[in-house]
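**Q** model the following, please.
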Amino acid sequence: MRLLILGGTEFVGRAVVEAALGRGWEVTVFHRGRHAPPAGVGSLTGDRTTPDGLAALASSDDTWDAVLDTWSAAPSAVRDAARLLADRVKRYVYVSSRSVYAWPPAPGLDEDGPLVEGDPNAGDVPYAEAKRGGELAAVEAFGAERTLFVRAGLIIGPYENVGRLPWWLGRIAGGGPVLAPGPRTLPLQYIDVRDLAEWTLDATEAGLHGPYNLVSPPGHTTTGELLDACVRVTGADAELRWTAAETILAAGVEPWSDLPIWIPPGESYDAMHTADVSKALAAGLRCRPVEETVADTWAWLESVGGAAPQRPDRPRLGLSPEREAALLSSE
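**A** Numbering: from 1, shown residues only. Predicted coordinates for the structure are as follows:
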């Protein structure tokens with residue numbers, strides 16, 4: 001297979017590159033040049049947000065079996081790339097998001113749920129509308145039979161540049177009492193970026209099309225199992241102090257941002273952690289144990305000096321030491 005990746009130097013794109021190279025595929029990455037492309041790939045440079053940003057793609061004579069796009073900003077950028085590539089690429093694979101479902105998505109929602117409005121010609125719009133607009137832009141250029149939508153939920157694993165699991169690993173590695181948000185047994189649903197990559201390549205090779213929710217099955221792990229794994233793999237002298245969600249919320253702590261990954265039971269939790277993934281499971285989705293995801297993420301963090309890269313378009317996450325200490329002392 002010959003694969004073009006729009007991006008390919010960070011997190012999801014990089015995981016797909018490594019998985020594809022591991023299969024012996026021929027990979028080309030189109031990127032802005034901010035990071036060195038992975039070894040073993042062809043490289044084209046351009047910034048799709050600028051007027052002539054696709055020039056390197058336009059001037060290339062190459063053709064590909066599939067293009068993978070992880071874009072999450074203006075849908076018009078997906079539109080322009082898809083139109084340019086429609087006659088030179090067989091399939092368009094768009095890493096979308098479960099955020100495209102109309103709020104609030106019902107517990108157990110599958111791919112047939114109602115969707116937010118999207119405009120393939122839009123500029124900067126909120127995240128959910130951007131992802132839906134990107135889906136529509138891909139279909140407009142390639143048609144429904146040649147497009148695959150990977151509707152991911154929470155993505156964690158090596159190369160993460162958002163700061164969710166890296167924050168927890170860094171905090172727990174620091175040792176001492178750690179504010180652990182309850183309930184401990186709260187089930188979590190996420191996807192390891194490498195499992196996303198492998199499933200996406202399998203689906204691409206099989207010619208699958210349409211939308212697929214892509215996260216682990218509900219109850220794949222729990223908050224307690226995730227944080228216990230962080231303690232084990234870091235070898236830290238850390239004590240998880242499990243604290244009721246009501247206490248944490250009453251202190252003004254923001255779920256998801258102050259305490260990454262964590263969402264207390266309720267509407268937002270149901271939207272994030274109860275997706276129906278039976279369609280992806282039937283198409284071969286396999287999810288590795290949480291211990292492996294945590295251990296490999298920690299090993300990667302250690303290999304880069306303990307400081308994970310941070311996407312410039314995303315805020316830094318995590319509770320400050322001062323606020324955590326104040327909460328722990330008030331128990």
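**Q** from here on, contacts and neighbour counts on C-alpha atoms
**A** Noted.
**Q** contacting residues around the residue nearest to residue 285 when sequence neighbours are not counted?
**A** Leaving aside its chain neighbours, residue 285 sits nearest to residue 199 (5.8 Å; criterion: Cα to Cα, 6 or more residues apart in numbering). Residue 199 sits next to 284-286 when contact means Cα atoms under 8 Å, 6 or more residues apart in numbering.
**Q** pull out the buried residues from the residues you listed.
**A** Those of those that meet the buried threshold are 285-286, by 16 or more other Cα atoms under 10 Å.
**Q** in strands, which of the contacts of residue 199 fall?
**A** Under the assignment DSSP state E, the contacts of residue 199 contribute nothing to strands.
**Q** quick one: pLDDT of residue 331?
**A** Note for residue 331: predicted pLDDT of 66.
**Q** got it, and residue 305?
**A** 88.
**Q** still on that earlier bit, which of the contacts of residue 199 fall in helices?
**A** Nothing among the contacts of residue 199 maps onto helices, per DSSP state H.
**Q** which among the contacts of residue 199 gets closest to residue 120?
**A** residue 285 (29.1 Å; Cα to Cα).
**Q** what's that closest one sitting at in phi/psi?
**A** Residue 285 adopts backbone torsions of phi -60, psi 130, taken as degrees, to the nearest 10.
**Q** tell me how far it lies from residue 198.
**A** 8 Å (Cα to Cα, to the nearest Å).
**Q** common neighbours of those two, please.
**A** Common contacts of residue 285 and residue 198 (Cα under 8 Å, 6+ apart): none found.
**Q** and the closest residue to residue 183 other than its chain neighbours, what is it in contact with?
**A** The spatial neighbour of residue 183 that comes closest, neighbours along the chain excluded (Cα to Cα, 6+ apart), is residue 244 at 6.4 Å. Contacts here follow Cα under 8 Å, 6+ apart; on that basis residue 244 touches 181-183.
**Q** so how far is the longest strand seen in the chain from its chain's centroid?
**A** Using DSSP E, we find that the single longest strand of the chain is strand 89-97. Strand 89-97 sits 15 Å away from the centroid of its parent chain (Cα atoms, centre = their mean, to the nearest Å).
**Q** tell me the strands beside it, with direction?
**A** Sheet pairing of strand 89-97 (DSSP bridges) gives strand 64-69 (parallel), strand 147-152 (parallel).
**Q** list the buried residues for it?
**A** 89-97.
**Q** contact partners of that strand?
**A** Contacts with strand 89-97, where a contact means Cα under 8 Å, 6+ apart, come from 63-72, 82, 128, 131-132, 134-135, 138, 142, 146-153, 204.
**Q** all helices of the stretch 151-300 of the chain, in order?
**A** 165-173, 193-206, 223-234, 245-250, 267-273, 278-282, 290-303 (DSSP state H, counting those that start in this stretch).
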